[in-house]
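Engineer: Sequence plus the predicted model coming up.
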Amino acid sequence: MRSLLFTMGILLFAATVFAQDKEKTVKKLPAVRTTQKIVIDGDLKDSAWLSAPVASGLVEWRPSFGRKEADNAGTEIRILYDNSAIYVSGYCHMPKDSISSELVGRDKVGANDYVGILFDTYNDKINGFGYYVTPLGEQYDAKYSARGEDDSWNSVYETQSKIVADGWTFEMRIPYSAIRFSTKNIQDWGLNITRRNRKTDRQYMWSPTDPTIGGNFFAQFGLWTGVENIKPPVRLSFSPYLSAYANHYPYNDPAKKNFGTTVNGGMDLKYGISQSFTLDMTLIPDFGQVQSDNQVLNLTPFEVKYNENRSFFTEGTELFSKGNLFYSRRIGGEPLHYGDVASQLLPGETLIRNPSETRLLNATKVSGRTSSGLGIGIFNAVTKAQYATAESANGKDTRQIETDPLTNYNIVVFDQSLKRNSSVSLINTNVTRNGTDYDANVTAFLWDLYDKKNNWNLFGKLGESQLIGYLPGGKTQSGYTHQIGLGKTGGRLNMNFQQELADDKYSSNDMGYFTNNNFVDHYLWVGYKWIKPKAWYNRLNLNFNGYYSRRFKPWDYQMARVNVNFNGQLKTQDFFGIFVTSKPAANDFYEPRVAGKVFKRPGSVTYGGWFEKNYARKIYYGGELDLTRSEQYNSNGYELFTFSNYRFNKKFSLGLNANVSIFTNNLGFAATSPAADSVYFALRKRNTVETIFNVKYNFTNKMGLTFRARHYWSAVNNRQFFSLQQDGALTRVAAINQNVDYNVNYFNIDMVYTWQFALGSFLNIVWKNSINTFDQNLAEGYFKNAGNTLQSPQLNSLSIRVIYFLDYLSLKKVR
């Protein structure tokens, strides 16, 4: 009843604020077709450019909205098109010594100035494509949606730049195979042009983009008008790959080989099913060269959420990310019964092999958007059955134990764009397992609605989960969730109030990242921004965040949190922020790790601040210091995060991140008794140090070398033990019969040489080094641990991978 009343209140209030208003004047650039040849070399000498209208008069977007470009720093952009591509040229006027440039590789910005051409090809004011170029000719492309920027999306287009006496120039060719559009004979595309100067940190837009207007910034685009008789080409490309690995690990076991080699082959395929929809497929994929995970010692009751580094699962997945139901690391991740194998061993058997990952056989994506604004996404992946190996007591016989069945993962999404940057969506995720293991299905309906002026936003989600065959007798467990909120997105004063609920049966964990159910959470955010630069700042932000949580069943208080933070950018182009967070005493139902138990967690206060220099400086650095205090057990925490980068020149730079955290009298779960009838907590000292060292050297804008070394050390020393009582309080005990101290080291090296030897084609050579140690020796500090880690057995892998881009149209011309 409480949740229903809250929902009705939100809807009634929203109905009063969604009003009408006049449309603003739209800036326009006429589209001009050319029949002349344009050579992409960056010098702007082709006569075709004389017929192109000039887009100029860019207006500052940030930090000071509304100011025009300086007379000696203007921008001239020309756009043409023909039957096969869009051509863009640009002249960025500025003093030569004001240009900021650095070779950083594709899809990175670094300290570079840049110009971006952004198209909303369906003019739906929600979705679009961005193509960027730097003064050294490097590329950065992105796909845009209501969820923001997807910089993992990649297309194949051409760019060349030149630095000249009074600025820099560029030329760009975007083939129609690199963009999606309708088949209408005459089209108007949404258009904006952005330019950023990193030394002044000023960014300009061709169509003025007011930061006080809420909603998707595509709503403030201009138009590229009168695009006539262009036809989407056959969009078919193949990217076959061949890879070889040499691996070494000193097992020191005559029965195991220290050295091994593998050779892999497969292919990525991209096919334009229609003018709007694309099929992406990866067959027998190889992800052995992706960056190593930043592993940590996890003392929480919840799973660590790692970043996705596999390009197939990051590129063009904005539709599948709706509703936060898809965590791609589930695919090819830990087997379902990875932790259950020990209970299946027969007397005398030992476990000799238990793979921690499953093997992906293939994955397919189909996605696109119709001319009426309906986005459709279909994703499907199949993983191979995985097995652990058990050995008999005599060492002669082995037995396989299935830890994960043959599994199919599927997502279907429908996302309808509406007027005023709004949308409604329906998403379904499904996991189907071969054999007797349960299947999982989650369906959600989402809405994201804006009023005419983009001042107010009503958003939400209704969802149901089904675990099919999960309950005894093969019955289905069904759960419910919802989220509903109202936000003020326009103006300098913004706010957001929402409720999120999940009953005690809901779960999206089989295909999504999901920590717990059985909650009713409330969030409040209020923010005020000063966007007009003054004597000492460019912009300032003041934010208040409130959070209050109860259990859904029974209606118990869980926790609350209040945060106030103040941040901004100074006139020096540097950034800063300060904050304070207060957490009153809470009922923690998850830290005990035993159902039916609760831990009455003491309240705490955290306060801190951070700063960050302008990245365009030769020496870039920043840091954050957080202090946490809890009175009840005299608990203190100090966390220091630092980062720095030194650019020797445009090609070579060094970076160092160093993070240190020291917690004394930190209170948390320690262990359970063998029968799980007693739960023990401890006051502990925890020291953690993480160091990441980066080296980057780019030979050209197509060839580079990166080196990344990371060492993570965390030591936990439990000093006092307590028994958790039924009411959630703690009672001191002398000791427990378990050693739950930890001393953990993770060390990784990722060294990558990349050469783009042709459009879309790459040669990668990768050296990876991995060392993991785990013991309970707390007598040695960080430097001794680092030294011991480097002396420990380590896995080394050297690999070479060649991937070659084959475009159907190019192959057809050769014929």
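Structural biologist: That came through fine. What you see is a predicted model; the values in this text were computed from it and never measured. Numbering: from 1, shown residues only.

Engineer: where's the most centrally placed residue in the chain, which helix or strand?
Structural biologist: Geometric centre of the chain, nearest residue: residue 307, 6.7 Å, by CA atoms, centre = their mean. For residue 307, there is no enclosing helix or strand under DSSP states H and E.

Engineer: Return the set of buried residues in the helix or strand where residue 558 lies.
Structural biologist: Assessed by DSSP H and E, residue 558 sits inside strand 557-570. Of the residues in strand 557-570, those with enough neighbours to count as buried (16 or more other CB atoms under 10 Å) are 558, 559, 560, 561, 562, 563, 564, 565, 567, 568, 569, 570. For the C-beta atoms, the positions are set from N, CA and C on the backbone; glycine is no exception.

Engineer: got CSV for those, with distance to residue 645 and pLDDT too?
Structural biologist: Formatted as CSV, these follow (distance: CB to CB, whole Å; pLDDT from 0 to 100):
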residue, distance to residue 645, pLDDT
558, 41, 97
559, 38, 98
560, 39, 98
561, 33, 98
562, 35, 98
563, 29, 98
564, 31, 98
565, 25, 98
567, 21, 98
568, 22, 96
569, 19, 94
570, 20, 94
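
Engineer: can you put those in CSV and add distance to residue 607?
Structural biologist: Converted to CSV, the buried residues of strand 557-570 look like this (distance: CB to CB, whole Å):
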residue, distance to residue 607
558, 23
559, 19
560, 17
561, 14
562, 12
563, 10
564, 10
565, 10
567, 14
568, 18
569, 22
570, 21
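
Engineer: of these, closest to residue 696?
Structural biologist: residue 569 (25.9 Å; CB to CB).

Engineer: count of neighbours near the residue lying closest to that closest one once chain neighbours are set aside?
Structural biologist: Leaving out its chain neighbours, the residue that sits closest to residue 569 by CB to CB, 6 or more residues apart in numbering is residue 538, at 4.4 Å. Burial of residue 538 is recorded as 22 neighbouring residues (other CB atoms under 10 Å).

Engineer: do residue 180 as well
Structural biologist: Residue 180 has 23 nearby residues by other CB under 10 Å.

Engineer: For it, list the residues it contacts.
Structural biologist: Contact analysis of residue 180 by CB atoms under 8 Å, 6 or more residues apart in numbering lists 121, 129, 232, 275, 276, 278, 368, 369.

Engineer: and which of the residues you listed is nearest to residue 390?
Structural biologist: Using CB to CB, those come closest to residue 390 at residue 278, 45.2 Å.

Engineer: Kindly tell me how buried the nearest residue to the closest one once chain neighbours are set aside is, as a neighbour count.
Structural biologist: Nearest in space to residue 278, with sequence neighbours left out and distances taken as CB to CB, 6+ apart, is residue 272 at 5.4 Å. As a burial measure, residue 272 scores 20 neighbours (other CB under 10 Å).

Engineer: ok, now residue 435?
Structural biologist: Counted with other CB under 10 Å, residue 435 comes out at 9.

Engineer: likewise residue 49?
Structural biologist: Residue 49 has 20 neighbours, counted by other CB under 10 Å.

Engineer: Quick one, grab the pLDDT at it.
Structural biologist: Per-residue confidence (pLDDT) for residue 49: 96.

Engineer: Kindly report the same for the one 5 residues further on.
Structural biologist: Note for residue 54: predicted pLDDT of 96.

Engineer: Return the backbone torsion pair for it.
Structural biologist: phi -100, psi 130 (degrees, to the nearest 10).

Engineer: With the one 10 residues further on instead?
Structural biologist: For residue 64, the backbone dihedrals (degrees, to the nearest 10) come out as phi -120, psi 100.

Engineer: And the contacts of whatever helix or strand comes next after the strand holding residue 558?
Structural biologist: Sequence-wise, the next helix or strand downstream of strand 557-570 (DSSP H and E) is strand 575-583. Strand 575-583 is touched from outside by 559-570, 603-612, 622, with contacts defined as CB under 8 Å, 6+ apart.

Engineer: Quick one: mean pLDDT for strand 575-583?
Structural biologist: On average, strand 575-583 scores 98.

Engineer: Parallel or antiparallel, list what pairs with that strand.
Structural biologist: The pairing partners recorded for strand 575-583 under DSSP bridges are strand 557-570 (antiparallel), strand 604-612 (antiparallel).

Engineer: Which one of the ones you listed lies nearest to residue 700?
Structural biologist: Nearest of the strands paired with strand 575-583 (CB to CB): strand 604-612, 29.8 Å.

Engineer: before we move on, back to that, distance of the residue nearest to the centre of the chain relative to residue 152?
Structural biologist: Distance of residue 307 to residue 152, given as CB to CB, to the nearest Å: 11 Å.

Engineer: what about residue 218, which SS state?
Structural biologist: Three-state assignment for residue 218 (DSSP: H, G, I helix; E, B strand; the rest coil): helix.

Engineer: just the buried residues of strand 557-570 now: which is nearest residue 390?
Structural biologist: residue 558 (41.8 Å).

Engineer: State the distance from the residue lying closest to that closest one once chain neighbours are set aside to residue 628.
Structural biologist: In this structure, residue 558 finds its nearest non-sequential neighbour in residue 549, 4.2 Å apart by CB to CB, 6+ apart. Here residue 549 is placed at a distance of 20 Å from residue 628 (CB to CB).

Engineer: Now for residue 651: which residues touch it?
Structural biologist: Residues near residue 651 by CB under 8 Å, 6+ apart: 103, 697, 698, 699.

Engineer: Please name the residues that touch the first one.
Structural biologist: What it means is residue 103. Applying CB under 8 Å, 6+ apart, the residues contacting residue 103 are 136, 138, 650, 651, 698, 700, 701, 704.

Engineer: Looking at pLDDT only, which of these scores worst?
Structural biologist: Comparing pLDDT over the contacts of residue 103, the lowest reading goes to residue 701, 91.

Engineer: So that one is in contact with residue 136, correct?
Structural biologist: Yes: counting by CB atoms under 8 Å, residue 136 is a contact partner of residue 701 at 5.5 Å.

Engineer: Looking only at neighbour counts, state which of those two leads.
Structural biologist: Legend: neighbour count by other CB under 10 Å for residue 701 and residue 136, higher for residue 136 (24 against 19).

Engineer: returning to that earlier point: now the residue nearest to residue 558: which helix or strand?
Structural biologist: Going by DSSP H and E, residue 549 is part of strand 537-550.

Engineer: can you list contacts of that strand?
Structural biologist: Contacts for strand 537-550 (CB under 8 Å, 6+ apart): 62-64, 201, 519-531, 533, 556-571, 573.

Engineer: Could you do stretch 614-627 as well?
Structural biologist: 100, 110-111, 198-199, 201, 572-575, 606-613, 636-647.

Engineer: what's the answer for stretch 259-266, then?
Structural biologist: By CB under 8 Å, 6+ apart, stretch 259-266 touches 240-248, 282-286, 288.

Engineer: wait, which of those residues is closest to residue 390?
Structural biologist: Of all the contacts of stretch 259-266, residue 390 sits closest to residue 247, with 24.3 Å by CB to CB.

Engineer: rewinding a little: next, work out how far apart the residue nearest to the centre of the chain and residue 557 are.
Structural biologist: Taking CB to CB as the measure, residue 307 and residue 557 are separated by 34 Å.

Engineer: and what of residue 383?
Structural biologist: For residue 383, the distance to residue 557 (CB to CB) stands at 41 Å.

Engineer: Please apply the same query to residue 490.
Structural biologist: Using CB to CB, which is the criterion applied here, residue 490 is 35 Å from residue 557.

Engineer: got it, and residue 794?
Structural biologist: For residue 794 relative to residue 557 (CB to CB), the value is 49 Å.

Engineer: Contacts only, for the residue nearest to residue 411 when sequence neighbours are not counted.
Structural biologist: What sits nearest to residue 411 in space, not counting adjacent residues and going by CB to CB, 6+ apart, is residue 379, at 4.1 Å. With contact taken as CB under 8 Å, 6+ apart, residue 379 is in contact with 317, 320, 326, 363, 364, 365, 366, 409, 410, 411, 412.
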